[in-house]
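K.L.:
no sequence on this one, just coordinates:
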């Protein structure tokens, strides 16, 4: 495209998300393209196509401030490659070393033969008590979001790191896998068919090691509308549709349940229709966690206690409960009002933990990425994202400088050793 040339582009809404955004719009803007108008995500008007599209208009080269910019029919000062109003900081967040080793994707089982009904699992244990060593409750994203206690509805055979000979010492579960999983795996590509068929394809040893000393962890469905973590016990197998945080303190639960973290996830994750894909590497590893405070811990404890009581008493899973919390037509419900108040306290405690005493958050019902939620105002959202991104950049710079200093120190030590 020639200098000062203009371009209009229609694509699926993933053009402004994840790797697609980075290699597409990100590369264009880095090469001097200026976005002047954008539609972030809308449903395709024809009923024959069930998809969300995005539209981008722009010019190659700089554009004076007097030229209007419009994002989703709203006049704005600048438009980012996320196709939304851009704040003071215009870059993507970096992964932080301080967050490494804390968030994981659950086990990739690959083979429905691994999964058993609870009744059958108990029958196998009754037949041979040793089977309890390889049978565990199995929690996936659907159960986490739909069941009031966040428990798994099924069990799973998990031989851990046992050899085939060791696994054969558990005849009932081993026979099930030999009959159902082995032939299924054999039909898969070589990378799968060559893997030990009696074991999960991805057993996540790093995750298991990280949570081994914890009795509880926080987990989140990797695809959901709620984008809300829940506290669960570690005595179970977590599926690959769950994000698992090797964290059990209530202050962290408050932060990960805050509007700030949820907005960060919506912004820097991706989408599936109107649901959010929570990617630990893009969301959690880039999120600059605040200092833990007593106020945060208290807020996390209150959320856990009161929300769990409501869910069990009213037989509501996370999705149904937050559908009520985020519905502006639901008024006069004391449980819902209480949860909204708890989230206001969590947000204020989180802002305080960052030292943002000047940030006065205003809560209400606001739409972001086509979904209405009980959240902070659009102005507060942009300001909070700006501050979080700036905090991310500052920490990344400090980490990079520290890494350089360590490298220099190591090199100097090696040189001194050579001449001693």
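P.N.:
Looks like it came in fine. This one's a predicted model, so the numbers in the text were calculated from it and none came from an experiment.

K.L.:
Tell me who's in contact with the closest residue to residue 130 other than its chain neighbours.
P.N.:
Closest residue to residue 130 apart from its sequence neighbours, by C-beta to C-beta, 6 or more residues apart in numbering: residue 170 at 6.5 Å. C-beta here means a position set from N, CA and C on the backbone, and glycine is covered the same way. Each residue near residue 170 by C-beta atoms under 8 Å, 6 or more residues apart in numbering is listed here: 128, 130, 131, 133, 134, 159.

K.L.:
Of those residues - the most surrounded one?
P.N.:
Of all these, residue 159 has the most neighbours under the rule other C-beta atoms under 10 Å, reaching 23 neighbours.

K.L.:
where does the spatially closest residue to that one that is not a sequence neighbour sit relative to residue 197, distance-wise?
P.N.:
Nearest in space to residue 159, with sequence neighbours left out and distances taken as C-beta to C-beta, 6+ apart, is residue 167 at 4.5 Å. In this view, residue 167 and residue 197 are 10 Å apart by C-beta to C-beta, to the nearest Å.

K.L.:
what residues do these two have in common as contacts?
P.N.:
Common neighbours of residue 167 and residue 197 (C-beta under 8 Å, 6+ apart) are residue 177.

K.L.:
Do you know the pLDDT at the residue nearest to residue 159?
P.N.:
On pLDDT, residue 167 comes in at 98.

K.L.:
mind listing what it touches?
P.N.:
Contact analysis of residue 167 by C-beta under 8 Å, 6+ apart lists 134, 159, 174, 177, 198, 199.

K.L.:
Switch those residues over to JSON lines; also include distance to residue 2.
P.N.:
What follows is those, written out as JSON lines (distance: C-beta to C-beta, whole Å):
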{"residue": "134", "distance to residue 2": "66"}
{"residue": "159", "distance to residue 2": "62"}
{"residue": "174", "distance to residue 2": "67"}
{"residue": "177", "distance to residue 2": "62"}
{"residue": "198", "distance to residue 2": "61"}
{"residue": "199", "distance to residue 2": "57"}
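
K.L.:
As a markdown table, those with secondary structure and distance to residue 279 would be great.
P.N.:
Listed next are these as a markdown table, based on DSSP: H, G, I helix; E, B strand; the rest coil; distance: C-beta to C-beta, whole Å:
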| residue | secondary structure | distance to residue 279 |
| --- | --- | --- |
| 134 | coil | 31 |
| 159 | coil | 29 |
| 174 | helix | 35 |
| 177 | helix | 30 |
| 198 | coil | 30 |
| 199 | coil | 25 |
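
K.L.:
Pull out the buried residues from the longest strand belonging to the chain.
P.N.:
As assigned by DSSP state E, the longest strand anywhere in the chain is strand 33-43. Buried residues in strand 33-43, counted by 16 or more other C-beta atoms under 10 Å: 33, 34, 35, 36, 37, 38, 39, 40, 41.

K.L.:
ditto for stretch 139-150
P.N.:
Neighbour counts over stretch 139-150 (16+ other C-beta under 10 Å) mark 139, 140, 141, 142, 143, 144, 145, 147, 148, 150 as buried.

K.L.:
Among those, which are located in helices?
P.N.:
Counted as lying in helices by DSSP state H, out of the buried residues of stretch 139-150, are 141, 142, 143, 144, 145.

K.L.:
Just say helix, strand or coil for residue 98.
P.N.:
For residue 98, the assignment made with DSSP: H, G, I helix; E, B strand; the rest coil gives helix.

K.L.:
was I right about it contacting residue 398?
P.N.:
No. In this structure, residue 98 is not within contact of residue 398 by C-beta atoms under 8 Å, at 9.6 Å.

K.L.:
Neighbours of residue 202, how many?
P.N.:
By other C-beta under 10 Å, the residues close to residue 202 number 15.

K.L.:
I'd say it and residue 108 touch.
P.N.:
Yes. Using C-beta under 8 Å, residue 202 makes contact with residue 108 at a distance of 3.6 Å.

K.L.:
first vs last residue of stretch 40-59, how far apart are they?
P.N.:
Stretch 40-59 has an end-to-end distance of 18 Å (C-alpha to C-alpha, to the nearest Å).

K.L.:
For that stretch, list every residue counted as buried.
P.N.:
Those would be 40, 41, 52, 53, 54, 55, 56, 57, 58, 59, for stretch 40-59 by 16+ other C-beta under 10 Å.

K.L.:
quick one: which two of those residues are the most distant?
P.N.:
Farthest pair in the buried residues of stretch 40-59 (C-beta to C-beta) is 52 and 59. Separation: 25.4 Å.

K.L.:
so where is the protein shaky, pLDDT-wise?
P.N.:
Along the chain, segments meeting pLDDT under 70 span 1, 87, 405-420.

K.L.:
the helices in it, which residues?
P.N.:
Under DSSP H, the chain gives helices at 18-23, 25-30, 118-127, 141-146, 164-167, 171-186, 190-193, 205-211, 250-256, 259-268, 294-314, 318-325, 334-353, 378-419.

K.L.:
Highest average neighbour count across those helices: which stretch is it?
P.N.:
Highest mean neighbour count of those: helix 250-256, a mean of 25 (counted as mean count of other C-beta atoms under 10 Å).

K.L.:
who are the neighbours in contact with the nearest residue in space to residue 173 that is not next to it in sequence?
P.N.:
Ranked by C-beta to C-beta, 6+ apart and with sequence neighbours excluded, the top spatial neighbour of residue 173 is residue 157, at 4.4 Å. By C-beta under 8 Å, 6+ apart, the residues touching residue 157 are 113, 114, 115, 116, 134, 135, 173, 176, 177.

K.L.:
ok, 7 Å please
P.N.:
For residue 157, the contacting residues are 114, 116, 134, 135, 173, 176, 177, by C-beta atoms under 7 Å, 6 or more residues apart in numbering.
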